[in-house]
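[1] how would this look folded up:
(chains A and B)
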Protein chains: 2
Amino acid sequence: MTSHLLTPAERAQLAMMLEVCAFPKPGNVDRCHDYPDTRLEHFLASVILARPALEEAASGRGRIGEIIGHAVRQTNVHSGGNTHFGAFLLLVPLLYGGDIAGGNAAVTRTDISDAVAFYKAFALTRVRMNDTDELDVNDPRALDELRERNMSLLDVMQHSAPHDMVAREWINGFALTRRGADILRQIGPGREAIVEMFLTLLATEPDTFIIKKHGRSVAEQTMENARQVLDKKKVLETFDAECIKAGINPGSIADITIAAIFIALGEGWEWDS
Amino acid sequence: MTSHLLTPAERAQLAMMLEVCAFPKPGNVDRCHDYPDTRLEHFLASVILARPALEEAASGRGRIGEIIGHAVRQTNVHSGGNTHFGAFLLLVPLLYGGDIAGGNAAVTRTDISDAVAFYKAFALTRVRMNDTDELDVNDPRALDELRERNMSLLDVMQHSAPHDMVAREWINGFALTRRGADILRQIGPGREAIVEMFLTLLATEPDTFIIKKHGRSVAEQTMENARQVLDKKKVLETFDAECIKAGINPGSIADITIAAIFIALGEGWEWDS
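    Take a look at the predicted model:
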């Protein structure tokens, strides 16, 4: 695959496709594992249907919050629930700005209108909220509060960053996205690099989606297990089966993996070899 | 999934995605089986990258032969070889005409320019030619001969129909496509219907791709095996393993399966339940 022939939106779609197909990916939907309500085909339908919003983002015109809303609405037409909300939160500014530097610039230009559009999109999804989250999206007063405080979407992400690693990417310069892309390029070409990169992120960062669902100690135990797989002290397939049995799915690191593949493809990393 | 919300091009992409994910699909690339040089990701990259050509087809403007050429060129950028040539040959006229009746009308309007564009696209692919094919695409005289005979693309398909079931769809009113769509609607909603439809076609029609590669008796034995699976006298997974071991891949019935899913989705069949 000669990735330089692709449009940025196509690169984003390929990144989404490659992430969900990568296997075995402990605990998440992958090529050989579905969840009862969310299946491989739901993820791939979302990859197909997000195209217009991804192209809109790549045009560098319009408002980021609204474009995220369009991506959610375009892909919210199947029964599999939210599949790519976190991924869109990363891909939209990165496409908008063209790369990580451009993405950083783009997020600083968000304002209250982006925050409102984002909250409206968020309300359409079934994304798990943190119990301690003050700005509950299901609370109609949340929008009023946003407006009273005149929060930009970047402010909202700053607010969420302590307990959400996807939001944290907005305020730390897409640090994990950058690290994931560097790991891919370091490992070299081929789809197998994706699982290794995913495991490496999982071994070094607690997944905040796991923390929200199961608490911090489960997230830390998951890190330790990922480390053991990388050190060849644990079999990947066993780890995968344990995660699935316990309902442990590292969904936020999967979102960051997509963003990292997108960046790496743009920098010449080849999946097809 | 509320399929009526999809554009025709999106429906075509979903059909391509659902076909390759359906599993176990005896002998072909599927969710849990790759060929060494052609993998699930190659098929899915082709699904993503065909979008502009599929949209062009759905616009009902331009020449069918050229649009098939665009689809081949847009998807010919990975190392997995031809993945969807036969599928494009069916999807492009069906998208162009909007449905089977429209597709029939569209193919009758092809002329020599479509035939030439098709042959040029064909030359880019690694599609297996029939040994007895007079109009060898790798022979530079083939184009001169086309022009001398003033053959339309429909004439070319008529010429190929005896030994190519995809070409045959052009001259018999998309008969197997129609039958496949009817089978899906009869079985009812859900992705599991796709494997059953595929097996039913495989049990009732010799796959011409298998004939070209292995001869007629192997194709007939494959039909018999598919029949035994449908009759619960043979285990599907055993049949799949036998096909893979012998290199028997029913590629033409896979192409027709894609067209049948496309038509069924347009008629309200739901994959997502």
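[2] If I follow the layout properly, A:E267 ends up in contact with A:L184?
    No. In this structure, A:E267 is not within contact of A:L184 by CB atoms under 8 Å, at 9.0 Å. (C-beta placed from N, C-alpha, C; glycine too.)
[3] between the two, which one's more packed in?
    For A:E267 and A:L184, the more surrounded residue by other CB atoms under 10 Å in any protein chain shown is A:L184, and the numbers stand at 26 against 14.
[4] could you pull out the helices for the stretch 101-250 of chain A?
    For the stretch 101-250 of chain A, the helices defined by DSSP state H, counting those that start in this stretch occupy A:112-124, A:141-149, A:153-160, A:165-171, A:175-187, A:192-204, A:208-214, A:216-230, A:236-246.
[5] among those, which is nearest chain B?
    Within the helices of the stretch 101-250 of chain A, the stretch nearest chain B is helix A:192-204; the backing value is 10.2 Å (CB to the nearest CB).
[6] The least confident helix or strand in chain A by mean pLDDT - contacts with which helices or strands?
    Lowest on mean pLDDT, DSSP states H and E among the helices and strands of chain A sits helix A:141-149, with a mean of 86. Helices and strands in packing contact with helix A:141-149 are listed as helix A:112-124; criterion 3 or more CB pairs under 8 Å, 6 or more residues apart in numbering or on different chains; DSSP states H and E.
[7] and the angle from the helix it packs on to helix A:153-160?
    For helix A:112-124 against helix A:153-160, the angle by axes from the mean of the first three to the mean of the last three CA atoms, to 10 degrees is 50 degrees.
[8] Could you check how far A:M197 is from A:T257?
    Applying CB to CB, to the nearest Å, the value for A:M197 to A:T257 is 7 Å.
[9] Spit out the residues that contact those two alike.
    Residues touching both A:M197 and A:T257 by CB atoms under 8 Å, 6 or more residues apart in numbering or on different chains: A:G180.
[10] Look at those two and report which has more neighbours.
    Higher neighbour count among A:M197 and A:T257: A:T257, with 30 against 26, using other CB under 10 Å.
[11] quick revisit: deepest of the helices of the stretch 101-250 of chain A, which one?
    Greatest average neighbour count among the helices of the stretch 101-250 of chain A goes to helix A:165-171 (a mean of 24), per mean count of other CB atoms under 10 Å in any protein chain shown.
[12] Near chain B, which residues of the stretch 51-200 of chain A? Just list them.
    On the criterion CB under 8 Å from any CB of the partner chain, chain B has as its neighbours in the stretch 51-200 of chain A the residues A:51, A:77-80, A:191.
[13] cutoff 6 Å now
    By the rule CB under 6 Å from any CB of the partner chain, the part of the stretch 51-200 of chain A lying against chain B is A:77-79.
[14] just the buried members of these?
    Neighbour counting by 16 or more other CB atoms under 10 Å in any protein chain shown classes A:77-78 among those as buried.
[15] just the residues of the stretch 51-200 of chain A next to chain B now: which is nearest A:D155?
    A:V77 (30.7 Å; CB to CB).
[16] Shouldn't the closest one be within a strand?
    No. With DSSP: H, G, I helix; E, B strand; the rest coil as the criterion, A:V77 is located in coil rather than a strand.
[17] pLDDT wise, what is it at?
    The model reports A:V77 with a pLDDT of 78.
[18] One more: A:G80?
    As predicted, A:G80 sits at a pLDDT of 78.
[19] so how many other residues sit close to it?
    Using other CB under 10 Å, A:G80 is surrounded by 21 other residues.
[20] Residue of the stretch 51-200 of chain A closest to chain B, please.
    Nearest residue of the stretch 51-200 of chain A to chain B: A:H78, at 4.3 Å (CB to the nearest CB).
[21] I figured that residue hits A:A45, correct?
    Yes. With contact defined as CB atoms under 6 Å, A:H78 reaches A:A45; the gap is 5.2 Å.
[22] list residues touching both of the two?
    The contact sets of A:H78 and A:A45 do not overlap (CB atoms under 6 Å, 6 or more residues apart in numbering or on different chains).
[23] Count the residues that sit near the residue lying closest to A:E56 once chain neighbours are set aside.
    Of all residues not flanking A:E56 in the chain, A:I67 sits nearest, at 5.2 Å (CB to CB, 6 or more residues apart in numbering or on different chains). For A:I67, the neighbour count with other CB under 10 Å is 28.
[24] okay, now A:R11: neighbour count?
    Counted with other CB under 10 Å, the neighbours of A:R11 add up to 23.
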